[in-house]
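> One predicted model, sequence on top.
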Amino acid sequence: MDLKKILFILPSLRAGGAERVLSFVAQNLDKTKFSTTLLVLGFKKDAIYEVKSINVVFLNKRRLLSSLWRILKFIARNKPNIVVSSIIHVNIFTGVLAFFFRKINFVAREASVISKMNEYSNNVILNNNIILSSIYSNFSKIICQSTDMYNDIHINYKISKEKLSIINNPITKKHGVKSNWNKSTELVRFVTVGRLSKEKGHSRILESLSRMESYNYHYTIIGDGPLKDELPLLVDSLGLNDKVTFVPYMHNVSLELANKDVFLQGSYVEGFPNAVLESCVVGTPVIAFNAIGGTSEIIKKGVNGIIVSSVEEFVDVLKDISKILEMDPNEISAYVNDKFKSSYILKQYEEMFNSII
């Protein structure tokens, strides 16, 4: 039986949810049924994720624009059965290609709730529903990470339900459950992992923490982004310099999550928050704002965290932090490991690929 040839396209293998998930899927599809190649637009020297057992091609380009001709030639020469892309600017390009390569099935993995993310973007194409609808209609399938994303693409961009598949992100690494279960409020260690950008809502977390006086805490913010200079100024203005630490990047984020007591999520929109999932995997509970996207599909109230609807409710939960600290790390981890185990998610990908060939 001939193997089905699948080409995965990513901008880079730098740290990021799309990079981690798609490189994992590419490596772990059933090799008796699929032959996979990973085409990376960026440089091998920048790769954070190690990819083994499949063919990986680096174009060594810094921008999509300078990679267009080489991507086109690669697809024309290798003639894959399926081309899979992620990250919206790459999806826009492959969606255009799909119009010309009619014998190839193009699949887009969407990374965010597009209409909500548009509120934080000045991109002309992203803010034009007609153009984006026209491009996305060329895909054979669009992978949505959450139900909110599915509804957004169907309702706001008029993509038929037959072209949409909901596939959550998998747990891509096996992590042990934390052993340092802290039930004390002597010093509560909070953490957030994510891009330092407006939609991630770091500001409302910091403003909420500035109102906390009932116990000692320290807050670690891991990530980089456009607000890397602005957020420290906010910390200073709130008088939190001795309570907040910024860490631009670290290799072993899961270890840092295991060493903290509570994960704080301030986002206004999420595709599928991998950091929240990873926090739960190691047994660290989550307090999250109710945001459109996949957060509500990960958090079960009283089991692995709580979702709040306002800053006032967020502050109230912080003040009564003992209820969060009492959550059992083993139960937190077991809940997400059962729901998002990799074997289950990989099977969904394989069934989706088989359905379009």
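Perfect, thanks for sending it. Numbering: from 1, shown residues only.

> quick one, longest helix in the chain?
helix 342-356 (DSSP state H).

> residue ranges with poor pLDDT in this protein?
1, 124, 126 (pLDDT under 70).

> got the buried residues for the longest helix of the chain?
By neighbour count with 16 or more other Cβ atoms under 10 Å, helix 342-356 contains the buried residues 342, 345, 346, 349, 350, 352, 353, 356. From N, CA and C alone the C-beta is placed, and that goes for glycine too.

> outside of that helix, which residues touch it?
Under the criterion Cβ atoms under 8 Å, 6 or more residues apart in numbering, residues 4, 6, 24-25, 28-30, 33-34, 82, 105, 107, 140-141, 143, 165, 167-172 lie in contact with helix 342-356.

> Buried only: go through those residues for me.
Buried positions within the contacts of helix 342-356, assessed by neighbour count (16+ other Cβ under 10 Å), are 4, 6, 24-25, 28-29, 34, 82, 105, 107, 140-141, 143, 165, 167-172.

> before we move on, the earlier item: identify, from the buried residues of helix 342-356, the entry nearest to residue 300.
residue 345 (18.3 Å; Cβ to Cβ).

> Quick check: that closest one vs residue 308, distance?
Using Cβ to Cβ, to the nearest Å, residue 345 is found at 28 Å from residue 308.

> same thing with residue 277?
Counting by Cβ to Cβ, the gap from residue 277 to residue 308 is 19 Å.

> Residue 45 now?
42 Å.

> More neighbours: which of these two?
Shown here are residue 45 and residue 308; by other Cβ atoms under 10 Å, residue 308 has more neighbours (18 against 7).

> got a list of what that one touches?
Residue 308 touches 287, 288, 289, 290, 314, 316, 317, counting by Cβ under 8 Å, 6+ apart.

> Tell me what it is bridged to.
residue 289 (DSSP bridges).

> just residue 269 next, same as before
Taking DSSP bridges as the rule, residue 269 bridges to residue 292.

> okay, now it: neighbour count?
Neighbours of residue 269 under the rule other Cβ under 10 Å: 23.

> State whether it and residue 111 are indeed in contact, as I suppose.
No. Contact criterion Cβ atoms under 8 Å: residue 269 and residue 111 do not qualify, at 11.1 Å.

> residues contacting residue 332?
Contacts of residue 332 by Cβ under 8 Å, 6+ apart are 280, 283, 284, 285, 303, 304, 305.

> May I have the helix or strand that contains it as CSV, with CA atoms only?
Using DSSP states H and E, residue 332 sits within helix 329-339. The C-alpha coordinates for helix 329-339 follow below in CSV (Å, rounded to 0.1, in the frame of the first residue of the first chain):
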residue,chain,number,x,y,z
PRO,A,329,-1.9,17.8,42.0
ASN,A,330,-2.6,14.2,41.1
GLU,A,331,-6.3,14.9,40.3
ILE,A,332,-5.3,18.0,38.3
SER,A,333,-2.9,16.0,36.2
ALA,A,334,-5.1,13.0,35.8
TYR,A,335,-8.0,15.1,34.4
VAL,A,336,-6.1,16.6,31.5
ASN,A,337,-4.0,13.5,30.8
ASP,A,338,-7.1,11.5,30.2
LYS,A,339,-8.8,14.2,28.1
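
> and the angle for it with helix 342-356?
Calculated by axes from the mean of the first three to the mean of the last three Cα atoms, to 10 degrees, helix 329-339 forms an angle of 20 degrees with helix 342-356.

> related to what we said a few turns ago, go ahead and build a PyMOL selection from the buried members of the contacts of residue 308.
Selection of buried members from those for PyMOL, criterion 16+ other Cβ under 10 Å:
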select buried, resi 287+288+289+314+317
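
> so which of the contacts of residue 308 comes closest to residue 156?
residue 290 (19.8 Å).

> Assess the claim that that closest one and residue 305 are in contact.
No. Counting by Cβ under 8 Å, residue 305 is not a contact partner of residue 290; they are 12.0 Å apart.

> can you tell me which residues contact residue 48?
13, 14, 15, 19, 251.

> do that again at 10 Å, thanks
12, 13, 14, 15, 16, 19, 20, 23, 249, 251 (Cβ atoms under 10 Å, 6 or more residues apart in numbering).

> again, but for residue 29
Shown in contact with residue 29 (Cβ under 10 Å, 6+ apart): 4, 6, 8, 35, 36, 54, 346, 349, 350, 353.

> So which residues of the stretch 51-200 of the chain form strands?
55-58, 82-86, 105-109, 141-144, 164-166, 188-193 (DSSP state E, counting those that start in this stretch).

> who touches the shortest one?
Outside strand 164-166, the residues that touch it by Cβ under 10 Å, 6+ apart are 107, 109-110, 136, 139, 141-151, 153-154, 294, 297, 348-349, 351-352, 355-356.

> May I see the contacts of residue 308 organised as a markdown table, with distance to residue 73 added?
Formatted as a markdown table, the contacts of residue 308 follow (distance: Cβ to Cβ, whole Å):
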| residue | distance to residue 73 |
| --- | --- |
| 287 | 49 |
| 288 | 44 |
| 289 | 45 |
| 290 | 46 |
| 314 | 51 |
| 316 | 58 |
| 317 | 54 |
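
> now, among the contacts of residue 308, which is nearest to residue 74?
residue 288 (40.1 Å).

> can you tell me how far the closest one sits from residue 324?
Counting by Cβ to Cβ - residue 288 and residue 324 are separated by 11 Å.

> any shared contact partners between those two?
263, 305, 306.

> got a markdown table for the residues you listed, with secondary structure, neighbour count and distance to residue 257 too?
Conversion of those to a markdown table gives the following (DSSP: H, G, I helix; E, B strand; the rest coil; neighbours: other Cβ atoms under 10 Å; distance: Cβ to Cβ, whole Å):
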| residue | secondary structure | neighbour count | distance to residue 257 |
| --- | --- | --- | --- |
| 263 | strand | 25 | 7 |
| 305 | strand | 26 | 13 |
| 306 | strand | 19 | 17 |
